[in-house]
Every structure is written in structure tokens, then in C-alpha cells.
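>>> 3D, please:
(one chain, ligands or ions: 2)
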Amino acid sequence: SLNGLDLLAEIDRLRKERNAVILAHYYQRPEIQDLADFVGDSLDLSRKAADTDADVIAFCGVRFMAETAKILSPQKTVILPDMDAGCSLEDSCPPEQFAAFRAEHPDHIALTYINCSAEVKALSDIIVTSSSAEKILSQIPPEQKIIFGPDRHLGGYLARKTGRHMLLWPGVCIVHEAFSETELLKLKAKHPGAPVAAHPECPAYIVDHADYVGSTSGILKYSEDMDGDTLIVATEPHIIHQMTKAKPDKNFIGAPGADGNCNCNICPYMALNTIEKLYIALRDLEPRIEMEEGLRLKAKTSLDRMLAMAS
Ligand code: 13P
Ligand code: SF4
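Ligands and ions are numbered 1, 2, ... in the order given. Predicted coordinates for the structure are as follows:
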């Protein structure tokens, strides 16, 4: 609490007063997921941001997600509890370098993961999320050459799965990169027969041990539908909160990093958002996402293609 304020009650009061909707990603702290109006994966959250009739979107996720909300809903006030909530994939892909890479390959289109800056979206042809990438890729003519960025693991996974060659930008998510194959094998030996669900941002040496590979919403659905009582989860461990809520009797275990536990796989950017910062953001309508209109319109073109091709 902030000086004895009942923060949850204050957030509720402010959400009504401001006609705000609180959107949260599955990697947010449990207490944020529980008070959000909607929790989802990157595609679901973009759709919600595009469709909401709220005046304010309080985005509990990382900056590229809040920027996406602003690009799709420019007339709304979009606030992010902590403006430093970035993403290692975004950091790995500076727009000038991406523009130079594109210029070296003028006969390629740029199919780009939503985990990037608005500038990189503006330099791209079509945006994808992990839940929509395969569907979108299948609609691109086979002879069309493709650059895929910034996540080389998602790009590599798609290339292996579809047999389609793509030029990959060398970015990684530091969270999914931290899983250890050795520790995962030890954990599997301890829980014989327990399936592994992995996010495609994981390196191939993790994905290769997975019984299911998909986006956060896909992994969540798999956890609800599976027959067994134990699941090893190779993605950011805060998603386990939703799994336990849906299936309280099942055993969900976060895949380990090199130290043998899953705490090193907490996304440090997602973790910057707290209840206290959300309260202050709703109170002050700051920090706020602002974007130059020319940039927004260019970024919107590639995002609109995603929404059309994913539907
Ligand atoms: P999804 O929720 O779309 O699977 O994205 C995962 C992620 O890493 C978001 O930063
Ligand atoms: Fe970026 Fe990885 Fe964190 Fe998602 S989990 S926001 S991809 S660093």
C-alpha cells in the first residue's frame, strides 16, 4: 500500500472514473493479472486494444505492446506503468541497422515479430505474433523471399516447421534463452511421462524436447486440455498463475535455467510493472505513449496486415 491507501480499491475507483480498461499480458505479476479487465497473448491484446471503447488503455505489459495499442487506437490515452519496460528483442534490432539489412535484400519482404519498436514495424511489410505466424506465413506465395526478424529462434522454428527458408535477424529473448537443456533433462527424468510445453522463442535445443510448441495462449490451452497431471512449462513462469487457477489440482513446473530453478526466467522488463506504479499511472495518466503521426501510420500498415491475415 501507498501510505495506507487501499490500492486495489483506488485502482477500481480510477478505472471507472477515467473509463479505463486494464489489459495485461500473461507474464505480468499475479496480482496484476487478477485485477486486469482482460489477460491475453500479444495478438489477443492487440485486438482488444483496437476494439475497446474505453477512453484510457492501461497497458500492463512491455512498451512495444503499449505502442501497438497506441498505433491501433490513436484517439485513446495509452499508459504504461513503467516506461522502462522494454524487451531484449526490441533492443537487438535498431531501426537503422534493420533498414540497412532490408536495403541489402531488396527482393525480400520483411515479416516481423511484433516484439520490436514502432520504427521497425514501420520498416516492415507484415507483423506476426507467435500465435499467428504460421497462418500468416502460409498465405505468402512460396516464391516470395522473406526476411524474418528480430527473433532468430521463432524464425528458425517456423523455417523448420514449414520447410520455408527465411533470412533471420540474429535477435533473441533473454528470458527464453536462459533455459538449460541439461537441467530440463534432469527435470524430465524426475517426472517421467510429464509433457513439456515450450514457447517458440526458446532455442531449438529446448523446443526439440517439447510435446507442444506455441504462444502463451496456446500453451495455456494445452495445459487445460492435457490428460496428465503434471506439465513442464518452458516459458516465462508467471503464466503458471493462470494454469493453476484453471486447474488447481494439476502440477505445473517452470522449466529450469542453469541454476536448476525457474526464477532466472522471470522477464525483468515485465516485472517492472507493479500495482503501485499502475495506481500512479491511472491517477496521473502518465507515463503515456505518444507517437508522431507519420511513424504511426507506417507502423499501422504492417499491423493491419497482421490483423487481416490472422483473422
Ligand atoms: P505471446 O504472448 O504472443 O506468446 O508472446 C510472448 C512474449 O514473449 C511476449 O513478450
Ligand atoms: Fe521481451 Fe522476452 Fe520479456 Fe517477452 S519475455 S518481453 S520477448 S524479453
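
>>> make it CA atoms for all contacts and neighbour counts henceforth
Will do.

>>> Could I have the CA atoms of stretch 231-242 written out in CSV?
C-alpha atoms of stretch 231-242 as CSV (Å, rounded to 0.1, in the frame of the first residue of the first chain):
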residue,chain,number,x,y,z
LEU,A,231,3.3,-30.2,-17.1
ILE,A,232,6.7,-28.7,-17.6
VAL,A,233,6.4,-25.2,-18.8
ALA,A,234,9.2,-23.6,-20.8
THR,A,235,8.1,-20.0,-21.0
GLU,A,236,8.0,-17.1,-18.5
PRO,A,237,6.8,-18.7,-15.3
HIS,A,238,4.1,-16.0,-14.4
ILE,A,239,1.8,-17.8,-16.9
ILE,A,240,1.6,-20.6,-14.4
HIS,A,241,-0.7,-18.4,-12.3
GLN,A,242,-3.5,-18.8,-15.0
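
>>> So is it next to ligand 1?
No: residues of stretch 231-242 contacting ligand 1 under Cα under 6 Å from any ligand atom: none, with a closest distance of 7.8 Å.

>>> What's the mean pLDDT across that stretch?
The predicted model assigns stretch 231-242 a mean pLDDT of 98.

>>> just stretch 15-27 next, same as before
98.

>>> for the stretch 1-150 of the chain, which spans come out with low pLDDT?
Residues of the stretch 1-150 of the chain that meet the criterion pLDDT under 70 lie in 1-2.

>>> Nearest to ligand 2 within it, name that residue for me.
Nearest residue of the stretch 1-150 of the chain to ligand 2, counting by Cα to the nearest ligand atom: Cys87, 3.7 Å away.

>>> Contact partners for that residue?
The neighbourhood of Cys87, defined by Cα atoms under 8 Å, 6 or more residues apart in numbering, consists of Val62, Arg63, Phe64, Asn115, Cys116, Cys173, Tyr269.

>>> Now the buried members of the residues you listed.
Among the contacts of Cys87, those classed as buried by 16 or more other Cα atoms under 10 Å are Val62, Arg63, Phe64, Asn115, Cys116, Cys173, Tyr269.
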